[in-house]
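# Here is my input, please return the structure:
(one chain, ligands or ions: 2)
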Amino acid sequence: MRIQLLPSTFDARGVATLEQRLTCFVIDDCVAVDAGSIAIALSNEQRVTVRDIIVTHPHLDHIASLPIFIDDLYPTLKQPMRVHATPEVIDLLERDVFNWNVYPRFSELTNNYGPVMEYVPIPAGTPFKVAHLSVIAVPVNHIVPTIGLVVSDGQTSVAFSSDTAETEEFWKIVNEMKGLDALLIESSFPNRLAKLADVSRHFTPASLGQELKKLNHNGLDIMAVHLKPSYRDEIIQQLNALNIPKLSVMEPGRVYEW
Ligand SMILES: [Zn+2]
Ligand SMILES: [Zn+2]
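Ligands and ions are numbered 1, 2, ... in the order given. Prediction:
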């Protein structure tokens, strides 16, 4: 399984920077997990092949350029863009984003080929298919309805925490997997901002270190993501100090293969 964390910003020469401001992972060039930078950083080839987007929660850093992406592709979509989300999140997207004020309600619009956007409600607790992937969604502990994911292609399995503070159900599903190749987990704030992390339901390296004690798998890659750019260096130092084997910070733009 190939996974890329899309870059959020580029320097003056167009080279991707390492800071992560937005969240969008692309799996095997066809499925996106969240859509923060989807309209900004997909390759031209990926713009043709990505037609399934799983939205873990409606925070702007996870959906910022989703409306722009559908707008961009509007005349060329020969099949609708499928937005997979829980019913609560679909309601919030319809109410707060695709509401004719912030942007058009694309789910009601068609082009020459048919509908351009379709919501696919995510069932709670049961695996579902997205393209060639089997996915299990599980609620995590964030300030809006949010899901973590375990994604498998039949050979490889990868877990995505999305935005969360300490949680139990996610680890139950993760630990039940027969094998797990990688865990992509958030680490948003440095340890000195533990209070802020707490009220906004995010991890610091210290609370992440505690949380990882709930993980029963060994030897997998643990990729820290969602480091707030203002504190990036400090968070990285504190993550390194945890001395957890195979824990590293995921690099935007790089393609990882498991
Ligand atoms: Zn969030
Ligand atoms: Zn976020």
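
# for the residue nearest to Ser152 when sequence neighbours are not counted, helix, strand, or coil?
Once flanking residues are discounted, Ser152 sits nearest to Ser134: 4.9 Å by C-beta to C-beta, 6 or more residues apart in numbering. (Glycine included, C-beta is placed from N, CA and C.) Going by DSSP: H, G, I helix; E, B strand; the rest coil, the secondary structure assigned to Ser134 is strand.

# just use 336 as the starting number from now, easier for me
Understood, numbering begins at 336; the last thing we discussed is Ser469.

# what's the straight distance from one end of stretch 485-497 to the other?
Using C-alpha to C-alpha, to the nearest Å, the gap from the first to the last residue of stretch 485-497 comes to 11 Å.

# Mind listing what's buried along it?
Counting neighbours by 16 or more other C-beta atoms under 10 Å, one finds that the buried residues in stretch 485-497 are Val485, Val486, Ser487, Asp488, Thr491, Ser492, Val493, Ala494, Phe495, Ser496, Ser497.

# and for that stretch, what are the contacting residues?
336, 338, 360, 362-363, 368-369, 391-392, 397, 467-471, 473, 475, 477, 481-484, 505, 508-509, 512-521, 593 (C-beta atoms under 8 Å, 6 or more residues apart in numbering).

# May I see the ChimeraX selection of the buried members of those?
To isolate the buried members of the contacts of stretch 485-497 in ChimeraX, using 16+ other C-beta under 10 Å:
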select :336,338,360,362,363,368,369,391,392,397,468,470,471,473,475,477,481,482,483,484,505,508,509,512,515,516,517,518,519,520,521
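
# Filter the contacts of stretch 485-497 down to just the ones in helices.
When the contacts of stretch 485-497 are checked against helices (DSSP state H), the matches are His397, Phe505, Ile508, Val509.
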